[in-house]
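**Q** Quick one, fold the following:
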Amino acid sequence: MGSPARLSFPIAENRSQALGEIHARPFVAVTCPRVILQLAFLMESGHASHQEAIEDLARSQGAAVPDRASRHCAVQWGQGTLRWERHTEFSTWFWDGPAATEFGGAIPRHPFGGNFRAPGSLISGIRLEIWPEGAAAENALALFDIASLCRSRVRGGMAEVATDFRQDGDGLTRMLLIDRGLTDLGRGATVQCLLDIETYRTLATLALPLAQSLSPEIRQIEESLGAVTQEMRGQVWESADGMLTEITRLASELEANAAQSLYRFGASKAYDSIVSERIASLGEEPIAGETLGSFLERRLAPAMRTCKSLEERQGNLSLKLSRTTDLLRSWVDVGLARQNTALLASMDRRAKLQLRLQQTVESLSVAAISYYIIGLLSYAAKALSHGLSETMSSVALGVSVPVVVVFVWIFVRSVRRRHADS
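**A** Okay, the predicted model is just below:
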């Protein structure tokens, strides 16, 4: 029997990217004890500088330079591995290496020393240390700030997480993972969740300063719109154009603010959702004090509600401006209709006056034309008076007067009817 025929079909565009996406961020197997550093840099001016930074670092270690289209790569560095990943608006730099002799101690060699060139502004920095259960781990717990200490069991009690969300001397958020029997892959999955929680909760709060700066402007637009609507209640027709100009100005300011905040608010909601998902996947059980989830719920949720509230105010204010604009335009249209009605009535009165004047002129024109015709007839009568008596010519001239007047009147009326029908 021959070998089965291979399937061969046309491949959809971007199919390989779609299939590879679920394998883009596999969990890294992490041993214990271990120290992990992760930095996140914003890409304010594009990803070129980030790509160049990882290329320079790979060359310095004699590793293969990643492809320009690649979104992630790994470079062996000392006794650990540097993993780089490019996201939509930031890049992450993850390095794991042997733990120091004690929690928070100096790390002999890591890639983020004096020769490292930061590709952008630092937004998140984490130092996460993994220690087995024992005296060293208990001593490490005593170094956290008890006022903001978050401590909980995770992964069904197979590990313990502790952090105070404070930064050390290098500006890195300190985290401790106490291992109680996790596998290397389970340890890697837990580490990834903790790193994502700290990174994305920082990125989520980027919208808060923007919301706080836009809030006074939104309030000013609301007050200005209220003033315009109050003026409309006064039925001040003369200022309708000014009110419409003011509403147009307010609408343009609001749209500019909305365009400025649209991406930031949307991204913050997405980051906040990721934080919630990662916290839920840990399956926290409280030990003493707060868990990571309850701590962030009390501090991150108000910031997110502030951003959501401002976004809703923008949407509601946009609807109010639209309704006010429509109402004002209707108001102006009604006023114009009234003016047009008055203008048409005035034109109708003028037309009637012109008709009366025309009739008067027609009457005068009949008399004038008749006068001229009778004058011509008088000259004819004088010419004929040589054969007739003077009395006969005067009588003939007198009889012709009403005949001429009637004829002229009929002629003028017929001319007017022809003009009216044409």
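**Q** When you work out contacts or count neighbours from here on, use the C-alpha atoms and nothing else.
**A** Fine.
**Q** Next, the distance between the ends of stretch 155-175.
**A** With CA to CA, to the nearest Å as the measure, stretch 155-175 spans 17 Å from end to end.
**Q** contacting residues around Asp168?
**A** Residues counted as contacts of Asp168 (CA atoms under 8 Å, 6 or more residues apart in numbering) are Arg174.
**Q** ok, so what distance separates it from Arg151?
**A** 18 Å.
**Q** mean confidence for the one helix or strand Arg313 maps to?
**A** Counting by DSSP states H and E, the element that carries Arg313 is helix 292-384. The pLDDT scores in helix 292-384 average 80.
**Q** Kindly report the same for stretch 9-27.
**A** 72.
**Q** Regarding that stretch, how distant is the last residue from the first?
**A** With CA to CA, one end of stretch 9-27 sits 33 Å from the other.
**Q** Cys307 contacts Pro209, correct?
**A** No. Using CA atoms under 8 Å, Cys307 is not in contact with Pro209, being 9.3 Å away.
**Q** Who has more neighbours out of the two?
**A** Cys307 (26 against 12; other CA atoms under 10 Å).
**Q** Now for the more buried one: which residues touch it?
**A** Cys307 makes contacts with Ala207, Leu208, Ala211, Phe265, as judged by CA under 8 Å, 6+ apart.
**Q** can you list those residues in JSON lines and add neighbour count, secondary structure and pLDDT?
**A** Listed next are these as JSON lines, based on neighbours: other CA atoms under 10 Å; DSSP: H, G, I helix; E, B strand; the rest coil; pLDDT from 0 to 100:
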{"residue": "Ala207", "neighbour count": "23", "secondary structure": "helix", "pLDDT": "92"}
{"residue": "Leu208", "neighbour count": "20", "secondary structure": "helix", "pLDDT": "93"}
{"residue": "Ala211", "neighbour count": "22", "secondary structure": "helix", "pLDDT": "92"}
{"residue": "Phe265", "neighbour count": "24", "secondary structure": "helix", "pLDDT": "92"}
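**Q** quick one: the helices in this protein?
**A** Listed in chain order, the helices of the chain (DSSP state H) span 15-21, 48-60, 135-141, 184-204, 207-233, 240-282, 292-384, 390-421.
**Q** Which one, of those, ends up nearest to Ile36?
**A** Across the helices of the chain, the minimum distance to Ile36, taken as CA to CA, is reached by helix 184-204, at 8.7 Å.
**Q** List the buried residues in that closest one.
**A** The neighbour-count criterion (16 or more other CA atoms under 10 Å) identifies 186-204 as the buried residues of helix 184-204.
**Q** now do stretch 317-332
**A** Residues of stretch 317-332 classed as buried under the neighbour-count rule (16+ other CA under 10 Å) are Leu317, Ser318, Leu321, Thr324, Thr325, Leu328, Trp331, Val332.
**Q** Pairing partners for the longest strand anywhere in the chain, with directions?
**A** In the chain, taking DSSP state E as the definition, the longest strand is strand 122-132. Strand 122-132 pairs in its sheet with strand 34-42 (antiparallel), strand 173-179 (parallel), by DSSP bridges.
**Q** Now the first one: average pLDDT?
**A** Right, strand 34-42. In this model, strand 34-42 has an average pLDDT of 94.
**Q** same deal with the shortest one?
**A** The predicted model assigns strand 173-179 a mean pLDDT of 94.
**Q** residues in contact with it?
**A** For strand 173-179, contacts defined as CA under 8 Å, 6+ apart pick out 32, 125-133, 137, 140-141, 158-168, 187.
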